[in-house]
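Q: Next input, structure requested:
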Amino acid sequence: MGGGGSLYCFSCVTPNTYEVGMVAAMAKLKVGMFECNGYDIISNVSAAELFKDFPETAKMLKDKVHVINMDLYVKTVKGPAGHDTSSPATDPNSPLYQGKNAIMKHLANTPVFKEVWQTIFDLGNFEKYDYTCKLDIDAVIVPQRLSGMLASRPVRPEFFLNSLHDMYGNFLHGPVELISKLGMYAYRDAKEQCFKKIDVQLYGEDFWANKCWSLLGIPVVKTLEMPLLYDEYEWGKSAFHHCDALNPDPAVFHQNQYFGVYHPRKNMEDWLACREQTGVPRFISKDQKHMAIKMAGPGHPDKILGKMFEIPPMASFQWNLPIVSLVSVAIAGVALVALGSFAVRKWNSEGLRAVESPRTFTALEGQAAEKSLEAGLIQEIE
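A: Presented below is the predicted three-dimensional model:
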């Protein structure tokens, strides 16, 4: 017998970023997390400071913004890469292959979310609802659909995996982290075991949560049991254009899927377009859309994903071109590499925020990687 599917949603919002305008616009329209049965916002400043450019929003959310004493901008660290061919850096057939000793980066944001989760426990609002949902701002949640998926589930401790592919074998990705009320009690009451046994600096917060909840023996719901997340960081660019019924992989799914969360949508126009594609019943007028888009501002450009820089193997090129064409291609190639390098550096310098962990780059797999990390391979990136 199901216990119901009421949702308590929370997000961590970094001041002076695109997220603030998006949250203000969502609050104005009462969409996203504001359609959940209950919600809270965590930041390191008050509602008045967080929404200083949106006084109406600050007034509306003055009792819903809770302050932690943490810097929400975090450093990137590096450690051994995983050895899964979904990562270009670890795929021997990719021109980006770095060898078995490749180094990958991840956000050292677990200490931030340690405080975020503690605040959620201290507030205690999660106890009023069946499921708690940690949600990234650029994730489009369909609360009515997700609640319907959860309504028939048994009353028990459980948390949900949300991906089928990951270069590190971590199938809990950060845009949405979903755990039942009994799972929350188990986490709250025994979390110190995780802090003692799992290094908070070693993993990104989603990987750390997966390892912690598994360590505590909270039963896991596998990804194929419920279509929770459709994510560009797993499924590629098609995920950026589709929030309707779809079959991302006919070899895996036997029919179209309706997901509970879609990610990422980093500006309000794309976010609202995705929401509309999902077919949620509540209508938003053109005037309301224009108001929300203007209110939210330009948003944030897409992050650069490794696979976007893959190029065909050299053998696939046809070398019967005139020499002038070859020179032109070479010059264009140098320009593209320089542009790509600049974009990556720009992303690395601007994308170090704790709240953005769509597919956190974490040191990963197996005892060999962990031993390497414990031996001091983890280094702070200047």
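
Q: show me where the protein has helices.
A: Per DSSP state H, the chain carries helices over the ranges 18-29, 47-50, 55-60, 110-123, 143-150, 181-197, 205-215, 232-235, 238-241, 268-277, 286-296, 323-350, 366-372.

Q: Format the ones you listed as CSV; extra columns: mean pLDDT.
A: Below are the helices of the chain laid out as CSV (pLDDT from 0 to 100):
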stretch, mean pLDDT
helix 18-29, 97
helix 47-50, 98
helix 55-60, 98
helix 110-123, 96
helix 143-150, 96
helix 181-197, 97
helix 205-215, 96
helix 232-235, 82
helix 238-241, 74
helix 268-277, 96
helix 286-296, 97
helix 323-350, 43
helix 366-372, 38
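
Q: Now those helices in JSON lines, please, with extra columns for mean neighbour count and distance to residue 170.
A: Quick note: C-beta positions are derived from backbone N, CA and C, even for glycine. Formatted as JSON lines, the helices of the chain follow (neighbours: other Cβ atoms under 10 Å; distance: least, Cβ to Cβ, whole Å):
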{"stretch": "helix 18-29", "mean neighbour count": "23", "distance to residue 170": "24"}
{"stretch": "helix 47-50", "mean neighbour count": "18", "distance to residue 170": "30"}
{"stretch": "helix 55-60", "mean neighbour count": "15", "distance to residue 170": "35"}
{"stretch": "helix 110-123", "mean neighbour count": "19", "distance to residue 170": "13"}
{"stretch": "helix 143-150", "mean neighbour count": "20", "distance to residue 170": "22"}
{"stretch": "helix 181-197", "mean neighbour count": "16", "distance to residue 170": "15"}
{"stretch": "helix 205-215", "mean neighbour count": "23", "distance to residue 170": "5"}
{"stretch": "helix 232-235", "mean neighbour count": "20", "distance to residue 170": "11"}
{"stretch": "helix 238-241", "mean neighbour count": "15", "distance to residue 170": "18"}
{"stretch": "helix 268-277", "mean neighbour count": "20", "distance to residue 170": "25"}
{"stretch": "helix 286-296", "mean neighbour count": "16", "distance to residue 170": "31"}
{"stretch": "helix 323-350", "mean neighbour count": "11", "distance to residue 170": "21"}
{"stretch": "helix 366-372", "mean neighbour count": "13", "distance to residue 170": "12"}
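
Q: what about those, which gets the closest to residue 72?
A: helix 110-123 (6.2 Å; Cβ to Cβ).

Q: by contact count, what packs against the closest one?
A: Under the contact criterion of 3 or more Cβ pairs under 8 Å, 6 or more residues apart in numbering; DSSP states H and E, helix 110-123 touches strand 7-12, strand 38-43, helix 181-197, helix 205-215.

Q: which residue sits closest to residue 172, ignoring its sequence neighbours?
A: residue 210 (4.0 Å; Cβ to Cβ, 6 or more residues apart in numbering).

Q: Now do the contacts for that neighbour.
A: By Cβ atoms under 8 Å, 6 or more residues apart in numbering, the residues touching residue 210 are 161, 170-172.

Q: again with residue 257
A: So residue 257 contacts 227, 230, 245-248 (Cβ under 8 Å, 6+ apart).

Q: if we go to 10 Å?
A: By Cβ atoms under 10 Å, 6 or more residues apart in numbering, the contact set of residue 257 is 227, 230, 245-249.

Q: any idea which of the contacts of residue 210 has the most stuff around it?
A: In terms of neighbour count, residue 172 stands highest of the contacts of residue 210 at 26 neighbours, by other Cβ atoms under 10 Å.

Q: Flag the shaky bits of the stretch 51-200 of the chain, pLDDT-wise.
A: 74-108 (pLDDT under 70).

Q: let's see it at 80
A: The model of the stretch 51-200 of the chain has pLDDT under 80 over residues 73-108, 167-168.

Q: What about residue 30, how many residues nearby?
A: 12.

Q: my guess is it meets residue 61, correct?
A: No - in this structure residue 30 lies outside contact range of residue 61 using Cβ atoms under 10 Å: 11.9 Å.

Q: sorry, back to before: among the helices and strands packed on helix 110-123, which comes closest to residue 236?
A: helix 205-215 (19.5 Å).

Q: Would you mind putting the CA coordinates of that closest one into PDB?
A: Extracted C-alpha coordinates of helix 205-215, given in PDB (Å, rounded to 0.1, in the frame of the first residue of the first chain):
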ATOM      1  CA  GLU A 205      28.300  16.200  -2.900                       C
ATOM      2  CA  ASP A 206      26.200  13.900  -5.100                       C
ATOM      3  CA  PHE A 207      28.800  11.100  -5.100                       C
ATOM      4  CA  TRP A 208      29.200  11.600  -1.300                       C
ATOM      5  CA  ALA A 209      25.500  11.400  -0.700                       C
ATOM      6  CA  ASN A 210      25.300   8.200  -2.700                       C
ATOM      7  CA  LYS A 211      28.100   6.600  -0.700                       C
ATOM      8  CA  CYS A 212      26.700   7.900   2.600                       C
ATOM      9  CA  TRP A 213      23.200   6.700   2.100                       C
ATOM     10  CA  SER A 214      24.500   3.300   0.900                       C
ATOM     11  CA  LEU A 215      26.800   3.100   3.900                       C
END
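
Q: quick one, it and strand 7-12 angle?
A: 130 degrees (axes from the mean of the first three to the mean of the last three Cα atoms, to 10 degrees).

Q: rewinding a little: just send the helices of the chain back as TSV, with distance to residue 73 too.
A: Output for those, formatted as TSV (distance: least, Cβ to Cβ, whole Å):
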stretch	distance to residue 73
helix 18-29	13
helix 47-50	15
helix 55-60	22
helix 110-123	9
helix 143-150	30
helix 181-197	22
helix 205-215	14
helix 232-235	21
helix 238-241	26
helix 268-277	23
helix 286-296	21
helix 323-350	10
helix 366-372	27
